[in-house]
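> Could you work out the structure for the sequence below:
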Amino acid sequence: MNPIDSFILLAAHNGYLVALMLICLMQYLLHADRMERLRKKMAADSRKLLGLQNEVSSLQKDRAQIRFEHQIFEEFVAQSNFDEAMKLLLTRFIPRPAKGFGAWLEKRDDVFIWSHFRGLSSQELLSIPLSKDWFREFDHREFQILDESDVKHSFLYNYIPSADRRRLKQLFVFPVRHNHEITGLLITTSLYPAGMALERRLSLALRILNGLEGHFHHSQELRLQQNQLKTTREVLELRNISDSHSSSVRELVDQYLSCLIRQIGMDRAFIAFSREEHYREVRSIQRVGIKPNDQQRESWDTDEKHLIKIAAHRGQSMVLDPDELDIYGLSEPLRHVIIIPLTPREGSYGMMCLMRHQTKPLSEAERRHTEWAGEYLSEILRRTLDQATMEMLATCDSLTGLLNRRMFEEKLDSELAKAESRSNSCSLLMIDLDHFKSINDTFGHQMGDEVLRRVAEVLKKTLEDAEEVPKVLVARYGGEEMTAILPRLGTQEAARVAESVRSNIESLELEFRGIACPVTSSIGVATYPDQATRAEEVIEHADKALYRAKANGRNQVCLFSPGGDILQEK
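The predicted structure is shown next:
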């Protein structure tokens with residue numbers, strides 16, 4: 001074979017080899033392409049799987065959040081009233097009060113009150129209502145997160161008790177609205193649940209409050225209706241008292257005032273009348289509620305006189321809070337006072353004063369009800385009192401029905417002037433109940449009041465039955481001390497009358513729950529003009545004789561004598 005044929009054969013042979021190599025190369029490339037596409041598909045599938053896993057995880061978290069939210073909803077709805085539900089909600093947000101605090105502020109009568117709180121210490125500070133104008137900084141916000149420095153510039157800071165401010169690292173504020181107006185505010189130092197991210201806890205809090213908003217406003221409407229029904233019942237109760245057949249106007253007024261202070265949660269009240277617009281001569285004619293003890297009596301009387309002067313100066317209804325009471329120098333236990341002018345009839349002036357010893361301020365509803373009650377009481381008095389009755393009420397002690405101290409002093413001056421012009425005598429008895437404080441301590445103040453009433457009856461009856469006494473002029477001088485003016489009676493005649501009074505008081509049969517309550521008295525006697533020439537001297541000398549009777553063993557009568565008191569034996 002020549003070389004050419006050999007070359008052709010070799011080339012042909014090598015061409016097959018090259019073709020085979022090309023085929024193998026192509027197959028490799030196809031395989032590599034398939035593997036790359038498979039790798040990419042697996043990677044995409046892995047990404048999809050991871051995305052699905054993330055979605056599942058997110059759904060699980062959402063489900064946990066919804067489960068927590070649903071749990072709160074179930075607990076909330078299961079409560080019988082909104083107040084209990086809000087307490088539960090705060091318990092969720094503040095599980096450990098020592099670590100933080102929370103509160104729900106609710107709009108009532110155009111002010112916000114601390115309706116519920118948890119973890120806050122000061123009851124007095126939280127009793128102060130907040131003006132709705134201060135909430136404008138939250139008007140256009142779903143929520144607000146305040147750090148410690150932010151809170152110091154917020155109006156809320158002054159109303160957070162100082163003992164609780166040290167725990168204030170962060171404060172969350174959530175307003176609740178109705179018709180674009182803030183009607184409630186939730187403040188809390190922590191959110192629920194503790195292990196969830198802040199963003200999700202904020203979202204959960206908003207969702208919860210949004211869900212509870214309708215329930216809250218429904219409860220507000222229900223509370224409004226309940227308050228209206230309560231007001232209606234209270235009005236009817238007062239009207240029924242005015243329509244009842246009371247034995248006297250005094251009894252009617254006593255029942256009316258007692259009912260009113262119970263309705264609005266006051267501790268005591270009094271009514272005062274005057275014949276002058278500026279109250280230069282004022283007589284307290286009726287007191288109800290808590291009674292003062294011996295140490296309080298003088299300061300309470302002073303406070304009443306001060307309140308009357310304030311009312312005369314202002315000449316209109318007013319409410320005095322603790323700050324104003326401090327400015328006027330009025331003493332504790334007064335914390336809140338409301339004064340309502342009364343107009344019983346033309347030419348007469350009066351006022352009704354209700355006092356509260358607690359820190360809770362008067363609500364707008366309580367104020368409106370009190371103002372209505374004052375107007376209605378004026379109407380009652382106009383219907384039932386004639387001028388003579390008004391004069392009687394303005395001169396008598398409300399408990400005993402005797403003349404009050406001011407009228408006693410006027411009557412004594414008048415009788416001494418008559419005695420001087422006619423050259424007659426006029427004697428004075430100063431009567432003090434022995435160990436009266438022990439009666440109050442042993443049997444209570446109600447029994448003490450009953451003793452005073454019964455002794456007053458005995459005193460009037462004894463003088464009415466005494467032939468030598470031309471007219472009965474008896475008065476309650478103060479506390480358990482009473483007086484009797486005896487016109488035209490000299491010392492010995494007055495001594496006989498005094499002994500009859502002492503004996504009749506000693507004969508009183510009183511008992512409390514089956515236990516006898518003995519009552520005795522000590523009496524001092526002084527006579528004009530034999531022993532005194534002025535009213536002040538007559539009172540002073542009768543008082544000295546009274547204290548001599550007490551010093552000599554009580555339950556006896558003593559006559560005043562410049563050289564030493566003469567004991568009038570029983």
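
> lowest average confidence, helix or strand, in the protein?
Across the helices and strands of the chain, mean confidence by mean pLDDT, DSSP states H and E is lowest for strand 566-568: a mean of 45.

> Pull the contacting residues for Met318.
Applying C-beta atoms under 8 Å, 6 or more residues apart in numbering, one finds that Met318 lies in contact with 310-311, 338-339. Bear in mind the C-beta positions are built from the backbone N, C-alpha and C, glycine included.

> Which of the residues you listed fall within strands?
338-339 (DSSP state E).

> Out of the contacts of Met318, which two sit at the greatest distance?
Farthest apart among the contacts of Met318 by C-beta to C-beta are Ile310 and Ile338. That separation is 12.0 Å.

> most surrounded residue in the contacts of Met318?
Most neighbours among the contacts of Met318, by other C-beta atoms under 10 Å: Ala311, with 24 neighbours.

> From Tyr376, how far out is that residue?
Distance, Ala311 to Tyr376, by C-beta to C-beta, to the nearest Å: 19 Å.

> ditto for Asp397
From Asp397 to Tyr376 the distance is 26 Å (C-beta to C-beta).

> and the two? which has more neighbours close in?
The residue with more neighbours, out of Asp397 and Tyr376, is Asp397; 24 against 16, by other C-beta under 10 Å.

> And the more buried one, what's its pLDDT?
Listed pLDDT for Asp397 reads 83.

> That one touches Met407, doesn't it?
No: between Asp397 and Met407 there is no contact under C-beta atoms under 8 Å: 9.0 Å.

> Now list whatever residues contact both of those two.
Shared contacts of Asp397 and Met407 (C-beta under 8 Å, 6+ apart): Ala475.

> Okay, domains of the protein per the record?
Domains of the chain are assigned by automatic domain parsing as 36-75, 83-223, 249-395, 405-568.

> Next, format these as TSV and append distance to Leu20.
Conversion of the domains of the chain to TSV gives the following (distance: least, C-beta to C-beta, whole Å):
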stretch	distance to Leu20
domain 36-75	25
domain 83-223	65
domain 249-395	104
domain 405-568	126
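
> Out of those, the one nearest Arg233 is which?
The minimum distance between Arg233 and the domains of the chain falls on domain 249-395, with 9.1 Å, by C-beta to C-beta.

> Identify the residues contacting Tyr477.
Residues near Tyr477 by C-beta under 8 Å, 6+ apart: 405, 408, 430, 483.

> Please identify the helix or strand for the third one.
Pointing back at Met430 there. strand 426-433 (DSSP states H and E).

> List the neighbouring strands of that strand plus their orientation.
With DSSP bridges as the test, strand 426-433 is paired with strand 481-487 (antiparallel), strand 521-528 (antiparallel).

> got a markdown table for those strands, with mean pLDDT too?
Formatted as a markdown table, the strands paired with strand 426-433 follow (pLDDT from 0 to 100):
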| stretch | mean pLDDT |
| --- | --- |
| strand 481-487 | 96 |
| strand 521-528 | 96 |
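
> Give me whichever of these is most buried.
Among the strands paired with strand 426-433, ranked by average contacts under mean count of other C-beta atoms under 10 Å, first place goes to strand 521-528 (a mean of 27).

> Please report how far the residue nearest to the spatial centre of the chain lies from Arg118.
Relative to the mean C-alpha position of the chain, the nearest C-alpha, by C-alpha atoms, centre = their mean, is the one of Lys360, at 3.3 Å. Applying C-beta to C-beta, the value for Lys360 to Arg118 is 19 Å.
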